[in-house]
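Visitor: this is the structure alone, sequence omitted:
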């Protein structure tokens, strides 16, 4: 074989090896914050901060309007943590989502709205990707399913608009 053919063969082998290398975990951590949009609500109206790391460590900070805070830390399988981060990717905002979020509010409802970001999600990896928006019914369902998959069933049921 000529030197040129050896070079082509070596280049093909190197490219094949690169393609076979597994992709790294895309997220190091996902942070979710949920705040209730109204000053008055029916039920417990919980607010919370949740951080899920790719290694499976989970921190939950639950904040109730009565001033009680609860903290919980536990661990799940890393694969479940990665699935959680992936499942939240479809929470991305669209103009239609944001426009319809509180379009059915009455004038009295509008007066009771708090100046808060209802839902904030931050994906932290080699770069930071951030989403803020209102908690639409579709986003609420996505969050509930993701929370249940982590074993946070009670928190999933407490999520509300």
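Guide: Nice, I can see it. Because the structure is a prediction, the values reported are computed rather than measured.
Visitor: secondary structure element holding residue 84?
Guide: helix 78-87 (DSSP states H and E).
Visitor: and that helix, average pLDDT?
Guide: The average pLDDT for helix 78-87 rounds to 90.
Visitor: and what of stretch 154-161?
Guide: 77.
Visitor: contacting residues around the helix holding residue 84?
Guide: 25-27, 30, 52-58, 123, 142, 145-146, 149-150 (Cβ atoms under 8 Å, 6 or more residues apart in numbering). (Glycine included, C-beta is placed from N, CA and C.)
Visitor: now do the helices in the protein.
Guide: For the chain, applying DSSP state H gives helices covering 3-20, 78-87, 95-100, 107-112, 137-150, 153-158.
Visitor: weakest of those by average pLDDT?
Guide: Averaging pLDDT over each of the helices of the chain puts helix 3-20 lowest, since it has a mean of 45.
Visitor: residues in contact with residue 151?
Guide: 74, 76.
Visitor: next up, phi/psi of it, please.
Guide: Here is the backbone geometry of residue 151 (degrees, to the nearest 10): phi 90, psi 10.
Visitor: residue 145: neighbour count?
Guide: Using other Cβ atoms under 10 Å, residue 145 has 12 neighbouring residues.
Visitor: got the contact list for residue 33?
Guide: 47-50, 117, 119-121.
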